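1. for reference, the sequence and a predicted model appear below.
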Amino acid sequence: MELTNRKKRILRAIVEIYIITAEPVGSKAVAQQAGLDISTATIRNEMADLTEMGYLEQPHTSAGRVPSPVGYRLYVNELMGEHQLTIQETQRINEALNLRMEELDRCLDQAGKVLSQISDYPVFTAAAPRMRVTVKRYDLLMVEENAFIAVVMTDNSVVKNKLVRIPDTLSDTQLQLLSTVLNSSFVGLTLEEMEDTLDRMETRSAPGAFQLISMVVQFAIEVLGEQRNQPVHTAGITHLLEHPEYRSLDKAKPLMNYLAEEKEASRLPVTLGDGQNMNILIGPENVNEALKDTSVVMASYDIGDNMRGVIGVVGPTRMDYAKVTARLSYFADSLTRMFGKGELPAGSDGGDGQDQE
């Protein structure tokens, strides 16, 4: 059966009506929305064909139709119009990001909260793991005869320190020698490379010297590991309850718990493919069972130092994809500019906020 242009126009109308009403869509509503010069009987026949083709579903209690995940996918890929942000939306985003918070985590928290308020959906943000992070420098500061502070700086400007206590006394000369070994043998290496170098050094170092080296290098390995496991920030989880699909607590609770639990939220899809700036996962396209009845829309942004982050929206498959993708795209562009150049894109009036063909 052929998917004609008329069928596509009817499918687009049904998706856009259902996004607004959350109710099964009938032929009369389609006739008004699609602007087709055909009878409602013909529209019903086309809707029946779309159902048979898998693009629509018919709830048991209604003669109307709702989009299926396959229908949403076709809509997103081919039929969706481009939503233009209003001047109010761009101003609100810019005002929030203009706070110019220095800490990445804090900035992502703020960005997530603002996007959640604007979109009325839960939002997650994360800095994507950076696999090639290395140690740039070690500094060792004596505080007592048997204790020193180890300072580790990574190549993406993360600085961590730790108080290291040792069983024997340590002279300034010995501490300087330890610093020389660390800065000559354990900089510019990835986590795995540092582990390999440490293993090789164990066989050719005196036990006492190796113990000191190992204590500092193991701390550096922990620091590099933290850079690979960036926290996922979530905001606006209770917005789920504003949508008909989640008004039943039995339906909403599992997803809300999933988003609220840090360990579970860390399993959200926070990576995009190379060169991929936007990704939409609809219903069963989500691997995680908790997300099977939802859609996840993600956009990537550049943090600098070859690091990328992801900001995403979680909601019902009925979400307004055009608006969500427009807002996410603007947010991602704003974050990229802010982290890279310390500036935000100039706001535009975005027309009247209506979809543009």
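-> In hand now; what should we look at?
2. what about the strands in the stretch 201-350 of the chain?
-> 233-235, 278-282, 294-304, 307-316 (DSSP state E, counting those that start in this stretch).
3. need these in JSON lines with mean neighbour count, can you?
-> Heads up, the C-betas are built off the backbone N, CA and C, glycines and all. Output for the strands of the stretch 201-350 of the chain, formatted as JSON lines (neighbours: other Cβ atoms under 10 Å):
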{"stretch": "strand 233-235", "mean neighbour count": "23"}
{"stretch": "strand 278-282", "mean neighbour count": "19"}
{"stretch": "strand 294-304", "mean neighbour count": "22"}
{"stretch": "strand 307-316", "mean neighbour count": "24"}
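4. does residue 126 count as helix, strand or coil?
-> The three-state label given to residue 126 by DSSP: H, G, I helix; E, B strand; the rest coil is strand.
5. so it touches residue 232, yeah?
-> Yes: if you go by Cβ atoms under 8 Å, residue 126 and residue 232 touch, sitting 4.5 Å apart.
6. mind listing what the nearest residue to residue 159 once chain neighbours are set aside touches?
-> Using Cβ to Cβ, 6 or more residues apart in numbering and skipping residues adjacent in sequence, the residue nearest residue 159 is residue 153, 5.0 Å away. Residues near residue 153 by Cβ atoms under 8 Å, 6 or more residues apart in numbering: 135-139, 159.
7. nearest to residue 21 among those residues?
-> For these, the closest approach to residue 21 (Cβ to Cβ) belongs to residue 159, at 53.2 Å.
8. wait, what's in contact with the closest one?
-> Residues in contact with residue 159 (Cβ under 8 Å, 6+ apart) are 151-153.
9. residue 214 now?
-> Neighbouring residues of residue 214 by Cβ under 8 Å, 6+ apart: 198, 202.
10. look up how far residue 146 lies from it.
-> 17 Å (Cβ to Cβ, to the nearest Å).
11. go on, residue 71?
-> Taken as Cβ to Cβ, the span from residue 71 to residue 146 is 69 Å.
12. ok, now residue 178?
-> With distances taken as Cβ to Cβ, residue 178 is found 14 Å from residue 146.
13. helix or strand right after the helix or strand hosting the residue nearest to residue 159?
-> Assigned by DSSP states H and E, residue 153 belongs to strand 147-154. For strand 147-154, the following helix or strand on the C-terminal side (DSSP H and E) is strand 159-165.
14. what's the pLDDT at residue 71?
-> pLDDT recorded at residue 71 is 95.
15. can you classify it by secondary structure?
-> Following three-state DSSP, residue 71 is assigned to helix.
16. ok, residue 54 next?
-> coil.
17. what are the phi and psi values at it?
-> phi 100, psi 0 (degrees, to the nearest 10).
18. count of neighbours near it?
-> For residue 54, the count of nearby residues is 12 (other Cβ atoms under 10 Å).
19. one more: residue 151?
-> Around residue 151 there are 16 other residues, counting by other Cβ under 10 Å.
20. before we move on, back to that, residue 178 and residue 146 - which one has more neighbours?
-> Between residue 178 and residue 146, residue 178 has the larger neighbour count (other Cβ under 10 Å), namely 20 against 13.
21. what sits closest to the more buried one if chain neighbours are left out?
-> In space, residue 178 comes closest to residue 212 once its chain neighbours are excluded; the distance is 5.5 Å by Cβ to Cβ, 6+ apart.
22. on that earlier part again, nearest to residue 75 among the contacts of residue 159?
-> Nearest to residue 75 out of those is residue 153 (Cβ to Cβ; 48.6 Å).
23. quick check: the gap between that closest one and residue 134.
-> Distance, residue 153 to residue 134, by Cβ to Cβ: 10 Å.
24. need the strands of the stretch 201-350 of the chain in a markdown table (columns: mean pLDDT and distance to residue 16).
-> Converted to a markdown table, the strands of the stretch 201-350 of the chain look like this (pLDDT from 0 to 100; distance: least, Cβ to Cβ, whole Å):
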| stretch | mean pLDDT | distance to residue 16 |
| --- | --- | --- |
| strand 233-235 | 88 | 27 |
| strand 278-282 | 92 | 16 |
| strand 294-304 | 87 | 15 |
| strand 307-316 | 87 | 15 |
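25. let me know which of these is the nearest to residue 336.
-> With Cβ to Cβ, the closest approach to residue 336 among the strands of the stretch 201-350 of the chain belongs to strand 294-304: 4.5 Å.
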